[in-house]
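> Take this sequence and fold it.
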Amino acid sequence: MSEDRLVDVPRERDVVEHRLLHAGRVWDLVSDTVALDDGDVVREYVDHPGAVAVVALDEQDRVLLLQQYRHPVRHELWEPPAGLLDVEGEDPVAAAARELAEEADLVAGRWWRLVEIFSSPGGSDERITVFLARDLTQVPADERYVRGEEEASMVPVWVPLDDAVAAVLAGRLHSPTAVAGVLAAAAARAAGWSTLTEVTSA
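So this is what the prediction gives:
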């Protein structure tokens, strides 16, 4: 198969019926009756607003990871800064910049779109855009976001990118944003960053 044919293709199927099964705090559970070639099928899934994540690399090629408890999987996971696209009309890179400031007290001078993933395409329509952030500076102390709830107890650590790759490949990291973001950053670095598209957070 040629490289240009290896691409996921958007394709709409007729939705015969759409039902809200549960309205949640952050996302909803919905049911669609979908017309396929061999008949109608019912698919229940999480209707998600989407999310962004940030692979922040410092001048020593260390990646910032935050330890956060994730109750559905009963794990404390190491993850890059991330958050929901829950501000109407907000551009994804602006959302990423906001999350980086709120969760890590950092501002990035340069941004690149790193990778996009569907986190669980069989059960959710969540799309996550992972950005690479560099030229990092600290948010002034008097302008920092006051973190609450689970964000208040997040533990930050700077990890050499090669060590993070090793942790992914050894099965020690499981967060999809960490796995995809770390491996994509390593692959982009190996290509001299030539594969990335720079974006602006303004």
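
> and the longest helix for the chain?
If you go by DSSP state H, the chain has its longest helix at helix 176-190.

> Return the list of strands paired to the next helix or strand along the chain from it, each annotated with direction.
With elements assigned by DSSP states H and E, the helix or strand that comes after helix 176-190 is strand 197-199. Here strand 197-199 is paired, per DSSP bridges, with strand 106-118 (antiparallel).

> Any chance you could give me whatever helix or strand comes next after the partner strand in PDB, C-alpha atoms only?
Once the chain leaves strand 106-118, the next helix or strand it forms, by DSSP H and E, is strand 127-138. Taking C-alpha atoms only, strand 127-138 is exported to PDB below (Å, rounded to 0.1, in the frame of the first residue of the first chain):
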ATOM      1  CA  ARG A 127     -10.700  13.400  19.600                       C
ATOM      2  CA  ILE A 128      -7.500  14.500  21.300                       C
ATOM      3  CA  THR A 129      -5.100  16.900  19.600                       C
ATOM      4  CA  VAL A 130      -1.600  16.700  21.100                       C
ATOM      5  CA  PHE A 131       0.600  19.700  20.700                       C
ATOM      6  CA  LEU A 132       4.400  20.100  21.200                       C
ATOM      7  CA  ALA A 133       5.300  23.200  23.200                       C
ATOM      8  CA  ARG A 134       8.900  24.700  23.500                       C
ATOM      9  CA  ASP A 135      10.600  27.900  24.600                       C
ATOM     10  CA  LEU A 136       9.000  27.500  28.000                       C
ATOM     11  CA  THR A 137       8.800  30.300  30.600                       C
ATOM     12  CA  GLN A 138       7.200  30.400  34.000                       C
END
